[in-house]
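Peer 1: Please find the sequence and the predicted model below.
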Amino acid sequence: MAPNVCSADPSSDSQLPMPKDLSGLFVPSMRGPVKSAFKSVMGNPTLAMINMAGGVPHPDTFPILRLQATVRAPSASETAGESAVVLEKSTASQTTESLDELLQYGDGCGVDSYCRFLHKHTQRAHNPPYSGWGVIASCGNTDAIGKAVSLFCQPGDSILVERWTFPGTLSSLRAAGVHPVPVALDSEGMVAEDLDRVCNAWSGSTPLRAVYLVPTGQNPTGATMSMARRKNIYAVAQKHNLAIIEDDPYYFLQLPQYGSCADAGESPDSLLPSLLSLDTDGRVIRLDSFSKILAPNLRCGWITAPRYILDKLQIINETTTLQPSGVSQGLISRMLNDAWGMDGWDAHLRQLRATYARRRDLFVQMVERHLSGLVDYAVPAAGMFLWMKIRFSPAAQADPASMPRLLEAMKKCGVMMAPGMPFSSTGPSSSDHYLRAAFALVDVG
């Protein structure tokens, strides 16, 4: 195997401009050279070395000799078109490391074959328009969010977020002592004009350095930014010199228009461009995850950013999670590199879009049939959520017990939806009469 790199071949994008240096936005502890003294001396030992430097167990003591998973072909039924993904103890495949290597300590970048596949995938899907970018492994986007935010925010700092946003992000910010600054949302996600207004009016004790957003199938509202909106958001970030944390786990769950006859399994080339694909400055830290497109408890994802930012994230990894489970990375790598290949991966993503399009359409039909006149909503163009505003009477709107009573009544009927309150970046309010319905898990056929 080639030596592990957080960022693949630097010669492949040498004709593109270099990213702007945003290191001035880093918190003080991340500025300048920040390295693990021990790892700086050790480097990255291989199995071929006589390694007496680290507290590394001998692979002969590993009791797991062989792992095999049966993988369904992307276009096959549940019982047909299966293939075996095998990890052998001391034998690497042409593409994937041996089980001994996967079970051993790694560096903060991730398993080499895993990262190389994701670099190739990112190049094909997003084609970042600058040189010097790469990918690094994460334990999913919740892990990645906290690490990306910590580059730009320390306790007492503030970060721009959507008015309604992922509760995991809000919890992570609270734990870090970072204050969310809400920006208005509409049917296309974060409003660029309001982002500009908030930045212009900012009078906090520390500057705003970063904006966090979910541009596709936004959680919880299901909103998806148009191409024009993405360009406008990026222009505002350039104007105010903001880093953009693009949390995009639903990117490959973009769906055709509701009620149309369009093929839900459209090719990746027809998807809306990501913010990363518009990033001429290198100011986007893009977060991707396998949680919504393979399986959540694999706990595997990846971050795409300029290499100098990945260097900082590698240090954070080395002092926290190190990297995702080597077994998870190895299974994913062997499946994507050998069992499926890039064509099979594309077919799997098309199949996912077709599946979720059917679920969304059936769910919306049921809402039209059973909740007409009771809720307001917009049909999502991506993701797995329907965001509904309850049409309470004026008296019920004024009653702070209305939502708790509704939730209790739903529970008694055996139905659970998420109330809007945990998603609010402005704090709880008795006037937040919203429900988020996730149509991904419910059998609606």
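Peer 2: Received it, and whenever you're ready, just let me know what you need.

Peer 1: Counting by contacts, list what the longest helix belonging to the chain packs against.
Peer 2: Counting residues, the longest helix found in the chain (DSSP state H) is helix 341-370. Other helices and strands packing on helix 341-370, by 3 or more CB pairs under 8 Å, 6 or more residues apart in numbering; DSSP states H and E, are helix 112-125, strand 385-390. Using the backbone N, CA and C atoms, a C-beta is placed for each residue, glycine as well.

Peer 1: Report the inter-axis angle for the next helix or strand after the longest one versus helix 112-125.
Peer 2: Okay, so that is helix 112-125. Using DSSP states H and E, the helix or strand that directly follows helix 112-125 along the chain is strand 133-138. Put simply, strand 133-138 runs at 130 degrees to helix 112-125, going by axes from the mean of the first three to the mean of the last three CA atoms, to 10 degrees.

Peer 1: ok, residues contacting strand 133-138?
Peer 2: The contact list for strand 133-138 (CB atoms under 8 Å, 6 or more residues apart in numbering) reads 5-8, 13, 19, 108-111, 114-115, 118-119, 122, 144, 147, 282, 287, 289, 300-307, 310, 313-314, 317, 323-324, 329.

Peer 1: Pretty sure Leu173 sits in a strand.
Peer 2: No - Leu173 is assigned helix when assessed by DSSP: H, G, I helix; E, B strand; the rest coil, not a strand.

Peer 1: Give me the phi and psi angles of Gln329.
Peer 2: In terms of degrees, to the nearest 10, the main-chain angles of Gln329 are phi -60, psi -40.

Peer 1: Compute the number of surrounding residues for it.
Peer 2: 25 (other CB atoms under 10 Å).

Peer 1: hang on, it packs against Gly110?
Peer 2: Yes - if you go by CB atoms under 8 Å, Gln329 and Gly110 touch, sitting 6.3 Å apart.

Peer 1: where do the helices sit along the stretch 1-150 of the chain?
Peer 2: Along the stretch 1-150 of the chain, counting by DSSP state H, counting those that start in this stretch, helices occupy 37-42, 99-103, 112-125, 141-152.

Peer 1: between Gln329 and Gly110, what contacts are shared?
Peer 2: What both Gln329 and Gly110 touch, as defined by CB under 8 Å, 6+ apart, is the set Ala137, Gln323.

Peer 1: Against Val211, how distant is Met403?
Peer 2: 30 Å (CB to CB, to the nearest Å).

Peer 1: These two: who's more crowded?
Peer 2: Each of Met403 and Val211 has its neighbours counted (other CB under 10 Å); Val211 has more, 26 against 21.

Peer 1: Now the more buried one: which helix or strand?
Peer 2: Val211 belongs to strand 210-213, assigned by DSSP H and E.

Peer 1: Most distant residue from the centre of the protein?
Peer 2: Ala395 (40.6 Å; CA atoms, centre = their mean).

Peer 1: per-residue confidence at that one?
Peer 2: pLDDT for Ala395: 94.

Peer 1: ok so it is a strand residue?
Peer 2: No - assigned with three-state DSSP, Ala395 falls outside any strand and is helix.

Peer 1: Do I have it right that Val236 meets Cys199?
Peer 2: Yes - with contacts counted by CB under 8 Å, Val236 reaches Cys199, the gap being 7.1 Å.

Peer 1: neighbour count winner among the two?
Peer 2: Val236 (25 against 20).

Peer 1: I'd like the distance between Arg299 and Asp143.
Peer 2: Computed as CB to CB, the Arg299 to Asp143 distance reads 8 Å.

Peer 1: ok, now Asp247?
Peer 2: Counting by CB to CB, the gap from Asp247 to Asp143 is 12 Å.

Peer 1: quick one: which of those two has more around it?
Peer 2: Asp247 (27 against 23).

Peer 1: okay but the more buried one is in contact with Val214, surely?
Peer 2: Yes - applying CB under 8 Å, one finds Asp247 in contact with Val214, separated by 5.0 Å.

Peer 1: Identify the contacts common to these two.
Peer 2: Phe166.

Peer 1: Around Met384, how many other residues sit close by?
Peer 2: 22.

Peer 1: Repeat that for the one 5 residues further on.
Peer 2: Around Lys389 sit 14 other residues, with neighbours defined as other CB under 10 Å.

Peer 1: part of a helix, is Gly414?
Peer 2: No - using three-state DSSP, the assignment for Gly414 is coil, not a helix.

Peer 1: residues contacting it?
Peer 2: Contacts of Gly414 by CB under 8 Å, 6+ apart: none found.

Peer 1: quick one: it and Val442, what's the gap?
Peer 2: Taking CB to CB, one finds Gly414 at 12 Å from Val442.

Peer 1: rewinding a little: please point out which parts of the strand holding Val211 sit buried.
Peer 2: Ala210, Val211, Tyr212, Leu213 (16 or more other CB atoms under 10 Å).

Peer 1: just stretch 410-421 next, same as before
Peer 2: Neighbour-count burial for stretch 410-421 [16+ other CB under 10 Å]: Met417, Ala418, Pro419, Gly420.

Peer 1: Return the subset of these lying in strands.
Peer 2: Members of those lying in strands (criterion: DSSP state E): Ala418, Pro419.
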